[in-house]
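Asker: Could you look at this predicted model? Sequence included:
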Amino acid sequence: MDGVGLEAYLIVGAILFGCGFACLLVKRNAIAILMGVELLLNGANLNFLAFARFTSLGLDGQVIGLFVIVLAAAEAAVALAIALNFYNNHLSIDVDSAKELKD
Amino acid sequence: MPETAETSHLIVRNLLTAAWLLPLAAFIAQVYAVECWSNRLSRASGLLGCAAIGGSLVLSLLAVAFFPSGSGSAHTADDGSNHAAVDAEHEAHPSATPAALAGRYYTLARFGDSRLELGWYVDSLTLVLFVVIGLIASCVHVFSLGYLDDERTEDYRDEHAHAGDEQPVSRAGRFHLFFAYLSLFCFSMFGLVLAGNLLQVFAFWELVGFCSYLLIGFYRERPSAVRAANKAILVNRVGDFGFLIGLAVLWTSVGTLQFATEVDSKGVTASGLFEQVRGDGQLELSDDSKSVVLQRHLEAGDEPAPTRPTIAYTLFVLAGLGIVAGSIGKSAQFPLQTWLPDAMEGPTPVSALVHSATMVAAGVYLVARCYPLLAPEVLLVVAYVGAATLFIGATIALTATELKQVLAFSTISQLGYMMLALGVGGWGAGVFHLSTHAFFKSLLFLSAGSVILACHHEQRLDRLGGLRHRLPWTAAAMLIGTLAVTGVGIPNPWAPGYSLALSGFHSKDMVLASALAFVRLNPLHSLLYLVPLAGAGITAVYMFRLWLKVFVGRPADQHVFEHAKESPPVVLIPLAVLAFFSVFSAVGGESSWLYRGLVTSEPAFVAASSTSSAIWPITHPGHEEIHAAHGAAGLMVWLVAMAGAGIAIWIFGYQPFSADELRATFPRLRQFLLDRWRFDALYDLAVVQPVLRISRQAIAIDRTVIDPLLHGASRLLVQLAGWGRRIDELLVDGAVVGIGAWTWRSGERLRRLQSGQLRQYVLWLGLSVVVLFGVVTWMRPG
Amino acid sequence: MAKPPIKGWTGLAPGIGVKGRLVSLSTVLAAQTLYDVFKELPVPFWGPLGSLGAFFAAAGLHAALLIALFGILPLFYIWLERKVSARIQDRLGPTRVGGRFGWLQTLADGIKLIQKEDLAPDVADRWLFGIAPFLAVAASFTALVAIPFADGWVAAQSNCGLFLVLAILSLEVIGIILAGYSSGSKWALFGAMREAAQMVSYEIPLALSALIPVVVVGSLDFADLVAAQQGPFWNWLFFRDPFTCLSFFIFFTAATASVKRAPFDLAEAESELVAGFHTEYSGLRWSFFFLAEYASMFTVSALAVLLYFGGWSTGLNLEPISVAGTGFTVEGYLLNLIGCVVFIVKACVLVTVQMWVRWTLPRLRIDQVMTTCLKYLVPISCVLLFAAALWPLMLLKVLNRTQLFPRSTVAAVIPNEVLTPEPKLNVITIDPRQLAPTPESEGPQ
Amino acid sequence: MTITQILFGVFAGLACVSAIAVVLVDNVVRMAFWLVMALGAMAGLFLLLHADFLAASQLLIYAGGTVVILIFGVMLTATGPFASLKSSAGQTVPGLSVSGLLIAMLVSTIAAVPWTGLGKAVGRSPASLDQGVMRQGDLAAAMADSDETREAVMAVTDNWQNRVEVGRSTAPLGLALMGLRPDRDLIAGNKPSTLSPGYLLPFEIISIHLLVVLVAAGYLARAKRPRATEEVHIVTAGSSVTPKEHRIDAATSESADG
């Protein structure tokens, strides 16, 4: 149509998703992991919008995309609060130090 | 005087109810209040008991005053003013039920039409007994204040009871307890007399029995007292068993135990026992003479049912026999007389009140009360039982060696007279003798008590003697009692009622007259006249023997004699009162107020001579026949009694033979009598030994059969449990433990995966997704 | 070459077919965007790029115009601020450089700053330290892209322009935080944190109060907002009803705070924090922050004008400015030109008010700043929003119309169905211009 | 090569490069910077996808709000200046390889699916879509010619469905959130007897959810000091009271008390 098809957007979304996932795996800082989650959500969100644009999903895709953004904001707020609590208790933001439940 | 019948009715009821309940209140107060608030040295309990029974007496007398004299509620008061026309008066009562007031306090239970009630039944018999019981009980209470004075201590030494080391038992005094028992007994006795139905009678019957048990066993440290109490209660059970059977038969067949016909506020009538059985006076037999037709009361306008309810004649006889069996037990009649002599283990006032005057008379009272329910055959049995009893009791009394024993057998004998009188149709004679006997026998017992008190509980006849110098008042009182029981007097054969004589003469005279009249009508049963006649003589012998041995002659034991001294006034005053009544209560014989009052309660059918029987033809004398025989009978019995008295005075007063010679005269007979006709041995052999043998065998069976069986079963169970345990341990536990251990090991292995590294988990997640995707792709068809 | 027409983002990607015809004046006048004009130029002006060349040329021209504005406005404002502050302090202000009013003073300052050495502390994160001022500048510059200066004269037309501008403005804070953080200085960090907290907080009353005109007009599109205020000046939303009037003050207060102007300039409170987040900066990078600040001042003032003061409308009820779909005329262009000037003048007046406030009121404490926002502005703006929504309903009940003063003049131009709400959407007033696909970006000429 | 392709290239490239940079950079603040870049580029992609309202939302909420909060978090939890936590190679290499495998998996899947067949065939026929598109093209051509054609085209495009198609989705989006589906129910000439369900309920739920979450976040993150009950400062997404200032407040109030 425009010369840019659905696949292109999906691939970008996949790359963002993969990068977000990589953040989860690689980062030790809890806040960095949060950033990875944001990337994950954005990758998924891009897929919603791409399908909204190119398939019959239409307005529904945009509404869901909006909800995802809002929920991501809420998630970020709570997760950050948890991270701060974590920091208060451990004096560290390293998620690898969260091992109390192991033993 | 009350204006209306209903008012007097109510007043009498309330007075008697109060008289009945006063001793109960006293009992409760004595048991709880006195026990809690007073000490053992206090006389409060006794005074309270005296006050209560005195109050009861006064209330009873008031009730007599208010009772519509000589008639039921249907009659006007002018009947009471007639002193002479005894017979005519009775003929004026066509109803089978005597003049009586009845009612109920409340209903205990209701089964369909049948009801169990707490009721009351008052006729002149009730009233007389209330007065007699109240009077005697008052005297006994007062007497007891003196007699049991030594119980008011914290440390009572009982010389007759021994602990293991031959030392006298030392215990706290039981003054208050004695009076509590007495009060309870008085309450029970009043209730028994007042009861409105047979079940209530039975309840109080058992209650007096229980009181008797308590009082016989008052000295419970003494093994003999305990034995006597047990014997009394057990022997009474035999009679009570019969009584219960009788009750059951009546309840089943007649459907009520109520004495009186009852009309409630709606006008509905519930026929009582007497009306149902006797109807218009005589038993109405069915056509085949095999059953008695019951006279149910009919509602106004009701048609008589085509088939009226009946009771089989044999059942009717059985019911009567059951009631009589109860009487035999309670009144110590042949063959259950053996408990009464042993009951003398109780304190002497108890013997005076319970075991001579009142409780043992309850059997006679029951027969008298249930007279309409007794078939002629049953009455015959009663008569023979009475005859046998009076003879056995009199003969044993001849050889009895202890003061109270003599009196006990005398009581048995006199009760036999009463039964005999009832059995031969002399209803009035029986209850008349019951009343007079109550006075003089309690007088005798209290005199004996006075002697015992004076002689420090020495009551063996061969240890006493010559005490009239020491105890003149007691001796006089006892002499009056002896004269009364022997029936001494100056007879007037033409008008026997106006003889110059003591009470015993009049009543025994009546009994003998009834017996003579009966024998005249039924010559087959001549024995029923001869035996009591002989008994009268024997009575005179043993009673004078007793008096002479105690109060005349040389003192057998100088020590006892020296220490004996006249009892205090508190003991002597009751003696005086009772002596007065013993002398004067029956003045006038048939015309005396006592007799005339009593016969107003007599069932109507007794008044006329009647011949009725389904099995044996028996003719009962009416008043006329008895009256006709009165003169002859009185003269005969006077002669016999005088002869007996003379023999006794000759033998024991002038003592022509020594005691050893006397003993050697009829050794076997004497031993037979000393063994009390070997009834105890017989019972021991017939009942006690078999029971013991069966018990031993039961024990043996228990030990040899049942115990091994149980042990074997338990051992088997233990074995089985052992196997079960092994299975449990091997299979079940093994499985459970094995699963647990496997889970543990698996958990330990899986635990290594649980690194706690969140990011590692995410790594596994992603890897799993990729691997799964690869697998799915590889497996994708096409 | 017939390419499929470009749908979509209408500002930057005008969809059009190509026809090789000479460009007549009427064509130029009828064109919606610069792109339309460039595309029609006969010469292979764009060479092998074709229409793509035309696109880049048009976009470049837009950008150049905006950058010029972005550069010139701060120069003017900094001079103006000096003058205003001097007048308020009873001084003369700059008088030496550049003639009579010292109008070259700012330029001289700029030249001085360019010459200065670009310093960075040793402990600084140099990469972020270097990039942070550009972020701030980029944010505040980008916000201008969606601001219309006259009817259709907008670099990027969007139907949620207001929202877009607010969103882009909020990005500026990132640059400031990064600057403060990467400086490695506690003063800078404190300042950055304060600034971040302040900006994020004040965005709430800002957006809430900006929502009130949006609710009244029923559109986020600036064109609609201004069209609703056409006519005599009492059509301006500021005068329209009491709640929009009050909401302007909330909006302006919050806007002042969000561009960290006094009395909310806690981020660079000299008495406490030396110079706040730009303590460690010098030279050109330092001046970038001020460029961004003054550009933002203009942006929020322009927003206020667009929302409350009729945008480019003169308020004199002149011949209504030509609307899309009614034809393009020379007078229309002239009126647009006048409107552009009117718009900038209005914005400058508001900027002057900001300066006036700055030099009049003392600085608040940080807790007072937060209290003002969270305890006063937010609740007040909520209440105003609610009341503004109820106001037309109340008027409808009382006066049987939805506004205090009837819009007699504009009603002649705007088709009837606009004023009478669509039956299915009786809450929202819909402008037909929204329905038309035509209005494209039209840069300032 | 069209403008759209160029713009897509720019935005997609920026997004991907920034996302990869987020993964590779160790410093958290630089990560935040790259995240802003990635999210901003995503906003551009949203614009290209005709979702301008979402693009603005993305900028406002993500780039302007969430990232600021994240940077707050970084600063509140930093143990030293520019501190960074490095993962060991044993963690990095598997992580990156698994992520790479994931991307490869996703991309291969995307490539394997014949998306053209999907098109808009499910909902509306591609023919009608193309028709609409062609009309838009005609529109531009017709503009120069005559007013009548323009009017006709306007009438065609004056329906809500096309508004979504051409990227004016703000008002439809708002209506959908208010419970009305303009793209389905407000098509010209279409008189549906029943209305399609909108998103009013999810909208309300998500509003409540957001409120609850923010209150909870404030509760979780509040400073835990003994005297905290006296002055509860809720740190929400919009709040700017930092714990440091909390401490200052507390210290001053305590000293004032003493």
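Answerer: Yep, it's here.
Asker: Helices of chain A, start to end?
Answerer: Assigned by DSSP state H, the helices in chain A fall at A:6-26, A:30-54, A:59-90.
Asker: In CSV: these, plus mean neighbour count and distance to chain B.
Answerer: (Glycine included, C-beta is placed from N, CA and C.) CSV is the format used below for the helices of chain A (neighbours: other CB atoms under 10 Å in any protein chain shown; distance: least, CB to the nearest CB, whole Å):
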stretch, mean neighbour count, distance to chain B
helix A:6-26, 24, 5
helix A:30-54, 25, 8
helix A:59-90, 20, 11
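Asker: any idea of the pLDDT on residue 103?
Answerer: Looking at chain A here, since you left the chain open. The score at residue A:103 is 59. That number is its pLDDT.
Asker: you looked at the wrong chain, it should be chain D
Answerer: Reported pLDDT for residue D:103: 90.
Asker: can you check residue C:93 too?
Answerer: At residue C:93, pLDDT is 79.
Asker: The one 3 residues further on too?
Answerer: At residue C:96, the predicted lDDT confidence score is 77.
Asker: Which of the helices of chain A sits closest to chain C?
Answerer: Closest to chain C of the helices of chain A, according to CB to the nearest CB: helix A:30-54, at 9.0 Å.
Asker: How about that closest one and chain D, touching?
Answerer: Yes: Helix A:30-54 is in contact with chain D by CB under 8 Å from any CB of the partner chain, via A:30-32, A:34-36, A:38-39, A:42, A:45-46, A:49-50, A:52-54.
Asker: Residue D:180: which element?
Answerer: For residue D:180, there is no helix or strand it lies in under DSSP states H and E.
Asker: Can you tell me the closest non-neighbouring residue to it?
Answerer: Nearest non-adjacent residue to residue D:180, counting by CB to CB, 6 or more residues apart in numbering or on different chains: residue D:198, 5.2 Å away.
Asker: what does stretch C:275-288 rub up against?
Answerer: C:110, C:113-121, C:124, C:129-130, C:133-134, C:136-137, C:176-177, C:179-180, C:183-185, C:187-188, C:190-192, C:194-195, C:266-270, C:273, C:289 (CB atoms under 8 Å, 6 or more residues apart in numbering or on different chains).
Asker: quick one on the thing from earlier: burial count for the residue nearest to residue D:180?
Answerer: Counted with other CB atoms under 10 Å in any protein chain shown, residues neighbouring residue D:198 total 20.
Asker: for residue C:118, same thing?
Answerer: Residue C:118 has 12 nearby residues by other CB under 10 Å.
Asker: Remind me what the host helix or strand of residue B:571 packs against, helices and strands.
Answerer: Residue B:571 belongs to helix B:569-584 when assigned by DSSP H and E. Applying 3 or more CB pairs under 8 Å, 6 or more residues apart in numbering or on different chains; DSSP states H and E, we find helix B:569-584 packed against helix B:124-147, helix B:427-454, helix B:472-486, helix B:503-521.
Asker: what bits of the chain have low per-residue confidence?
Answerer: You didn't say which chain, so I picked chain A. A:1-3, A:100-103 (pLDDT under 70).
Asker: right idea, wrong chain: chain C
Answerer: C:1-51, C:317-332, C:403, C:405-445.
Asker: and if you look at the stretch 551-700 of chain B?
Answerer: B:612-615.
Asker: go with 90
Answerer: B:551-575, B:577-578, B:581-688 (pLDDT under 90).
Asker: Walking through it, point out its strands one by one.
Answerer: Using DSSP state E, counting those that start in this stretch, the strands of the stretch 551-700 of chain B run over residues B:610-611, B:619-620.
Asker: a helix runs through residue B:110, doesn't it?
Answerer: No: secondary structure of residue B:110 (DSSP: H, G, I helix; E, B strand; the rest coil): strand, not part of a helix.
Asker: Contacts only, for the residue lying closest to it once chain neighbours are set aside.
Answerer: Distances taken as CB to CB, 6+ apart put residue B:116 closest to residue B:110, at 7.6 Å, once the chain neighbours are dropped. Counting by CB under 8 Å, 6+ apart, residue B:116 touches B:107, B:108, B:109, B:110, B:197, B:199, B:257.
Asker: Who wins on neighbours among those residues?
Answerer: That'd be residue B:197 among the contacts of residue B:116, by other CB under 10 Å, with 25 neighbours.
Asker: Report the central residue of chain C.
Answerer: In chain C, the C-alpha nearest the mean C-alpha coordinate belongs to residue C:299, at 3.4 Å (CA atoms, centre = their mean).
Asker: Where does it fall, secondary structure wise?
Answerer: Using DSSP H and E, residue C:299 falls in helix C:283-308.
Asker: Check which element follows that helix along the chain.
Answerer: Following helix C:283-308 in sequence, per DSSP H and E, is helix C:330-358.
Asker: got the buried residues for that following helix?
Answerer: Buried residues in helix C:330-358, defined by neighbour count with 16 or more other CB atoms under 10 Å in any protein chain shown: C:332-333, C:335-337, C:339-340, C:342-344, C:346-348, C:350-352, C:354-355, C:357-358.
Asker: how far off helix C:283-308 does it point, in degrees?
Answerer: Computed by axes from the mean of the first three to the mean of the last three CA atoms, to 10 degrees, the angle separating helix C:330-358 from helix C:283-308 equals 110 degrees.
Asker: What is helix C:330-358 packed up against?
Answerer: helix C:51-88, helix C:242-258, helix C:283-308.
Asker: and residue B:105, that's in a helix?
Answerer: No: counting by three-state DSSP, residue B:105 is not part of a helix but strand.
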